[in-house]
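*Asks:* Sequence first, then the predicted structure:
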Amino acid sequence: MLNRIDEISGIGLHLDLVLRKVQDAYLRKFKELGIDLTIEQWVILYRIYQLGEDVSQSDIVKSNFRNRATTSRVIGGMEKKGWIAKTRFDGDLKRFKLELTSLGKEVIEKIEPHARVLRKQAIKGLDTEEFETFLRVLNQIGNNY
């Protein structure tokens, strides 16, 4: 199959098709739950939740591979929705501190159980070794670029 990589439209097409299916599943779930949320917002909101109380905007940029402008735009939108609060760290006027508001925590609590189900759905039919191999291969492809 590797010698046919050009015939099968390359890796990017396959990765993109799978990514779109995953994203569509999440977007359908958000809609079903009545939450007006984009994939970008979910990724950043969940990352803020994971990193905890002292997370900065630059931490989010570094940890989710999005550029500063995109991250700033998404954060601004979530701030307008009342899901996060953006303040300055004490004694550090250069960095913005991001915190989930009670409304943001409600969004996380509402979606997280469904996100766990979707993640389990993604690996259905794979054993641990296959999944670990899949992750290693994805990491290697990323490292190759």
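*Replies:* Ah, there it is. Numbers count the residues shown, from 1 in each chain.

*Asks:* any chance you could map the strands in this structure?
*Replies:* 55-56, 84-89, 92-100 (DSSP state E).

*Asks:* Quick check: the residue nearest the centre of the chain vs residue 135, distance?
*Replies:* The residue lying closest to the centre of the chain (Cα atoms, centre = their mean) is residue 43, at 2.7 Å. According to Cβ to Cβ, to the nearest Å, residue 43 stands 18 Å off from residue 135. C-beta here means a position set from N, CA and C on the backbone, and glycine is covered the same way.

*Asks:* on that earlier part again, from residue 130, how far off is the residue nearest to the centre of the chain?
*Replies:* Counting by Cβ to Cβ - residue 43 and residue 130 are separated by 25 Å.

*Asks:* Can you tell me how far residue 49 is from residue 12?
*Replies:* Distance from residue 49 to residue 12, by Cβ to Cβ: 30 Å.

*Asks:* how about the closest residue to residue 59 other than its chain neighbours, what does it touch?
*Replies:* Once flanking residues are discounted, residue 59 sits nearest to residue 51: 6.0 Å by Cβ to Cβ, 6 or more residues apart in numbering. Contact partners of residue 51, counting by Cβ atoms under 8 Å, 6 or more residues apart in numbering, are 59, 60, 63.

*Asks:* residues making contact with the worst-scoring helix or strand of the chain on mean pLDDT?
*Replies:* Of all helical and strand segments in the chain, the minimum by mean pLDDT, DSSP states H and E falls on helix 57-64, at a mean of 81. Defining contact as Cβ under 8 Å, 6+ apart, one finds that helix 57-64 is touched by 43-44, 47-48, 51, 66-68, 71-72, 75, 86, 95-96, 98.

*Asks:* can you give me the offset of the helix ranked longest in the chain from its chain's centre?
*Replies:* Longest helix in the chain by number of residues (criterion: DSSP state H): helix 10-32. Averaging C-alpha positions (Cα atoms, centre = their mean, to the nearest Å) puts helix 10-32 12 Å from its chain's average.
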